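dropping the sequence and predicted coords here.
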Amino acid sequence: MPNDHNRLRYRCRRGMKELDLLLQRYLEQHFAGASEQEQRIFAELLEQQDPELYGYLVGRDVPADPAVADVIRKISAVHKP
């Protein structure tokens, strides 16, 4: 898992600072306690292009898959108090 965690941390580094912060916070604060399905979805989301992922995270776009939408909500919530 440490190698996977390091790989995911690297993949969280994006071209947009806002994405970097949200993705890295989620990874550090919530990923380890997430279900296998949620971890898999998170890793798959990291394959998305920045504009598409950003659209999901700011609520401009909604993924068709409810499980993906749930993970997006959890990632978006990490910056809220």
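Here it is on my side, so go on.

CA atoms of the helix or strand where Arg9 lies as CSV?
Per DSSP states H and E: Arg9 is located in helix 2-11. Taking Å, rounded to 0.1, in the frame of the first residue of the first chain, the C-alpha atoms of helix 2-11 are listed here in CSV:
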residue,chain,number,x,y,z
PRO,A,2,2.8,2.6,0.6
ASN,A,3,3.9,2.4,-3.0
ASP,A,4,0.3,2.7,-4.1
HIS,A,5,-0.2,5.7,-1.8
ASN,A,6,3.0,7.4,-3.1
ARG,A,7,1.8,6.7,-6.7
LEU,A,8,-1.6,8.2,-5.9
ARG,A,9,0.0,11.2,-4.2
TYR,A,10,2.0,11.9,-7.4
ARG,A,11,-1.1,11.5,-9.6
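
buried sites along stretch 46-64?
Under the neighbour-count criterion of 16 or more other CB atoms under 10 Å, stretch 46-64 has 46, 48, 53-57, 63 buried. Where C-beta positions appear, they are placed from N, C-alpha and C, glycine not excepted.

what about stretch 40-57, average pLDDT?
The average pLDDT for stretch 40-57 rounds to 94.

ok, and what's touching it?
The contact list for stretch 40-57 (CB atoms under 8 Å, 6 or more residues apart in numbering) reads 8, 11-12, 14-16, 18-19, 22-23, 26-27, 31, 34, 60-63, 67-68, 71-72, 75-76.

which of those residues count as buried?
Buried members of the contacts of stretch 40-57, counted by 16+ other CB under 10 Å: 8, 12, 14, 19, 22-23, 26-27, 31, 34, 63, 68, 71-72, 75.

show me where the chain has its helices.
Using DSSP state H, the helices of the chain run over residues 2-11, 17-29, 36-45, 50-57, 66-77.

list the buried residues of the third one.
Which is helix 36-45. Residues of helix 36-45 classed as buried: 38-39, 41-42, 45 (neighbour count, 16+ other CB under 10 Å).

closest one of those residues to Asp4?
Among those, Gln39 lies closest to Asp4 (CB to CB), at 9.0 Å.
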